[in-house]
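Student: Would you be able to build a 3D model of this:
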Amino acid sequence: MDGIVEQLLRLEEAKHTALLKCDSATYELHVSVQMRLFESAQDFAAAARRSTKSFAALARLIRLNTSLVLNLLKTSAAFARVHSGYTSTGNPGTRNVSRFRAQG
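Tutor: Below you'll find the predicted structure:
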């Protein structure tokens, strides 16, 4: 079985694909799986030290995905309606997206 860093990297790559396809449901699914994996990790720091190349790739991909999520939240109404942020327990929260209407 692969280590936790490699599993997280695969999940982050799946999230990246979902972001590129603007597939918020798949993105949310992979975030949930990642959260459960982090909760089950015994010693993530030690695993990261053992897998330095994978950890560096994971860090780069996380930064890229964070930028993509922020851009999608700003520019895609459909993505913003589904993506809601996360509660302190790691579960998706809910958020209402207001619609603006021009009056004239």
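Student: From residue 30, how far off is residue 11?
Tutor: 5 Å (Cβ to Cβ, to the nearest Å). To be clear about C-beta, it is placed using only N, CA and C from the backbone, and glycine gets the same treatment.
Student: I meant residue 61, not that one.
Tutor: With Cβ to Cβ as the criterion, residue 61 and residue 30 are 12 Å apart.
Student: The two: which is more packed in?
Tutor: residue 30 (20 against 17; other Cβ atoms under 10 Å).
Student: which SSE is that one in?
Tutor: Element membership for residue 30, per DSSP states H and E: helix 24-40.
Student: looking just at contacts, which helices and strands does that helix meet?
Tutor: Packing partners of helix 24-40 (3 or more Cβ pairs under 8 Å, 6 or more residues apart in numbering; DSSP states H and E): helix 4-20, helix 77-82.
Student: residue nearest the centroid of the chain?
Tutor: For the chain, the residue nearest the mean C-alpha position is residue 31 (4.7 Å; Cα atoms, centre = their mean).
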